[in-house]
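Peer 1: return a 3D structure for these sequence lines:
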Amino acid sequence: MDSLKDLKEEEVIRQVRSLLLLFVRKNYFEPSKDEIVEPSVVTLLTLDGERLYPSAADLKTLKIVYEVLAENSCNLQNCIEKAVLTLQYVRVHQQMLDEKSVILHNLAVTNIDFLMKNIESLEQNEKVEVLLLIGYIHKIYFEYVKEKACFERAEAECGLLSSFTGQLGKRTYFQQSDITQMTMCISKLKHHKSTPKSEYVSDCRLPVNVMLNDDTRMEKKKLLDEKHGELPRLNPLDQAVLLGLYAKLEHLHFKDDILHEELLTVLDVVLDQPQNFCVQLCALMLRSNVERHKTRTVERSMMQLEELVKCVSASDKVDKTPLFFCTPVPPRWELERQLANLLAELGCLSSALEIYQRLEMWEDVVNCYKGLELRHKGEEVVRQQIAKGETPHLWCLLGECTDDVSCFEKAWELSGQRSSRAQRNWGMLLYSQKKFEEAAVHFKLSLEVNSLQAPVWLRLAYITLELESWEESAAAYRHYCLIDSDNFEAWNNLAKCYVKLGQKARACKAFQEATRLNYENWKVWDNYMAVTTDLGAFDEVIFAYNRVLDLRGKHVDIEILKVLVQAIDENLEDNSGNPSIKYKSQALKLFGHLTAQVPSNGQLWLLYCKLVLAGSDKNLDDLEKAAQLIQKSNRYSIQQINWERDSKTLKEVLEIAIILGKVHLDWAECLDIKARISQILGTAKLALKSTDSKLEQYKTSLITPLPNEIEELHLKLKEILSAIVTKSTAT
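Peer 2: Reported below is the predicted structural model:
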């Protein structure tokens, strides 16, 4: 370390880069070796109380890189080379830790900001490499929107144009006719110079692409027009950019069969032209992750992972690091863990346990025994390891096995009150016992140590929501959404907190995020509709109501419809200060859609009638349509059994009857043909008399009089009926 301080700045950066690549080779591309590590080195590299993986090798080298780049022991000036190297170090060091580190995240943010301000000074290929590096760092810290932006910009810088399309072809050997198969159209803009082929092409043996060997499914799609399936020659950097497209799709779309096909299509394009070790390794690993969920491909997924583990554990001395920082290559033990996880899913638990134990992944060992309902065996294993040397991590695992709070206390003390996991597990135990207030205390302590724990923020937010501590819950949900912005339930619950706090505008924004993330959930749209109604955003109300109808079919919310119709009828200002009458045409379409699905709701037809007359100069067409609508409203209202015995229903029926009379009188005033006037008034008179006689008959059976409000409405009904009779007689 002292020798580096005497070197020039450029030489220091070059030496540190070599050390970082040496560490990468030993932990990502070479077999594991037993070595003794000084406790002081482990302590220095254990950031935010998060432990290093036991399998990590050559930690002394990483310590030197850490001291130069994170602690700036050589007093390096800010420059692009140093910023890029620091981000590369952050990516590697973070992959050595159990949990996300706030220290590394803050270091990454500082250097990303510097690089993005100066990125235009880089050459095209360097620019693409930096964008891919930054994109994967954003992915590590759950910043998926920023990740997407980086990968899209990298694609643009490369001059790649890609899109999914369909081509006729066959997928199985037994298909008789060609059907549409998903393919990718890829082109490259001519003014973008292609990267020299030798720059990123690996000289070593590339990972083998294991064949499917299925008796039904073909190895590759056989297209009817094979020319459409031809791809342009892509260089390794272009392929790395396509892997970025895969990452973007993986996190910003719903998990469904279409996404499954899109992901495999991207990987098929990358695997079609094997050139670079890291690109090939990642493409095969990602394909295994996708295929493990399908019965026809799960065997190939397992065999492929076995092949990849052999590849990264080979003792050859060939350099495999070109494009390492532009691809999501995991550490060697993480690949083995993926293989063990798949073996466990397939029921090969003894093989999975063997891998977990060799890698000293005691948490996975415990989970494996839990799956076998042998929880005591997991406890035995952990106690054996504690006997060899106690660590906060092991005491936390013992606490999980025994549900003993004292284990978490011991882990917390042993870590010098720096183990976020100890407080997190302690809180989870109390949460499982429904001790929400106590659990919240421990979750907060855990987050004070490490604020990048998305699951803990989510759990704390839910607890405080249950405790109706709206301010705390909103704050916790905000923190969670900053880390993971793709959880629609979190946004929905955040909006609920804002509603309870009376912050309707913020609730509206949160609901917009929730609907963006889950466009198919009618309950979220219903909540959004209620909030936008309170805000007077009537265009959003109408859009949300239509969306609910599309998703649910029948959905009647009379209160919201009343507010909408009243605003249009009285021409109130919306949230932007515009007159609400502008929404009349959209609202009419909504009511047309709604009444077609729910034709037997009298209140719905009444509101439809009021909407037709809203802002109208009572012309003949509007009055005729309103009369038809109010007749339907009256018909469905009086079809209710014993409507006269319920005060609320009786009031509604009387109001509908009064409006029916008024509309027919106004309609008759606009007509000149006596026969037509007589017919219109006769229809109204018949409807009103029916309601009046029914109510009079009910009154005779009452001991106590009806409420004054009902009596006033009845009197008004009689007046309207008298006016209709007089008008009819005069005609």
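Peer 1: tell me which residue lies nearest the centroid of this structure.
Peer 2: Asp486 (2.7 Å; Cα atoms, centre = their mean).
Peer 1: need the three-state assignment for that one.
Peer 2: coil (DSSP: H, G, I helix; E, B strand; the rest coil).
Peer 1: do you know how far it is from Lys139?
Peer 2: For Asp486, the distance to Lys139 (Cβ to Cβ, to the nearest Å) stands at 12 Å. Heads up, the C-betas are built off the backbone N, CA and C, glycines and all.
Peer 1: overlap of the contact sets of those two?
Peer 2: Taking Cβ atoms under 8 Å, 6 or more residues apart in numbering as the contact rule, the neighbours common to Asp486 and Lys139 are His251.
Peer 1: now stretch 231-246, how far from the centre of its chain.
Peer 2: Between the mean C-alpha location of stretch 231-246 and the chain-wide mean there is a distance of 26 Å, by Cα atoms, centre = their mean, to the nearest Å.
Peer 1: so that it lines up with my notes, have the first residue be 236 from now on.
Peer 2: All right, first residue 236 from here; so that's stretch 466-481.
Peer 1: got the CA positions of it in CSV?
Peer 2: These are the backbone C-alpha positions of stretch 466-481, laid out as CSV (Å, rounded to 0.1, in the frame of the first residue of the first chain):
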residue,chain,number,x,y,z
LEU,A,466,-29.5,-11.4,-37.8
PRO,A,467,-26.9,-8.8,-38.6
ARG,A,468,-23.4,-9.6,-37.3
LEU,A,469,-23.2,-8.3,-33.8
ASN,A,470,-20.0,-7.6,-31.9
PRO,A,471,-19.7,-8.6,-28.2
LEU,A,472,-20.5,-5.1,-27.0
ASP,A,473,-23.7,-5.1,-29.0
GLN,A,474,-24.5,-8.4,-27.3
ALA,A,475,-23.8,-7.0,-23.9
VAL,A,476,-26.3,-4.2,-24.7
LEU,A,477,-28.9,-6.8,-25.6
LEU,A,478,-28.4,-8.4,-22.1
GLY,A,479,-29.2,-4.9,-20.8
LEU,A,480,-32.4,-5.1,-22.7
TYR,A,481,-33.1,-8.4,-21.0
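Peer 1: list the buried residues in it.
Peer 2: By neighbour count, and taking 16 or more other Cβ atoms under 10 Å as the criterion, the buried residues in stretch 466-481 are 469-481.
Peer 1: grab the two from those that are most spread out in space.
Peer 2: For the buried residues of stretch 466-481, with distances taken as Cβ to Cβ, the pair at the greatest spread is Asn470 and Tyr481 (17.5 Å).
Peer 1: so Lys455, which of the three states?
Peer 2: Here Lys455 takes the strand state, with states given by three-state DSSP.
Peer 1: ok, it - contacts?
Peer 2: Residues near Lys455 by Cβ under 8 Å, 6+ apart: Asp503.
Peer 1: how near is Leu796 to Phe778?
Peer 2: Computed with Cβ to Cβ, the distance linking Leu796 and Phe778 is 14 Å.
Peer 1: please say which of the two ends up with more neighbours.
Peer 2: Leu796 (23 against 18; other Cβ atoms under 10 Å).
Peer 1: how about the contacts made by that one?
Peer 2: When the contact criterion is Cβ under 8 Å, 6+ apart, the partners of Leu796 are 826, 839, 842.
Peer 1: out of the residues you listed, which is nearest to Ala674?
Peer 2: Each of those was scored against Ala674 by Cβ to Cβ, and Leu839 proved nearest at 46.4 Å.
Peer 1: what's whichever helix or strand that closest one is part of packed up against?
Peer 2: Leu839 belongs to helix 837-848 when assigned by DSSP states H and E. Other helices and strands packing on helix 837-848, by 3 or more Cβ pairs under 8 Å, 6 or more residues apart in numbering; DSSP states H and E, are helix 793-804, helix 819-832, helix 855-872, helix 882-904.
Peer 1: show me what counts as buried in the third one.
Peer 2: Residues 857-862, 864-869, 871-872 are the ones in helix 855-872 that count as buried (16+ other Cβ under 10 Å).
Peer 1: between these, which sits nearest Ile915?
Peer 2: Checking the buried residues of helix 855-872 one by one against Ile915 (Cβ to Cβ), the nearest turns out to be Ala862, at 7.3 Å.
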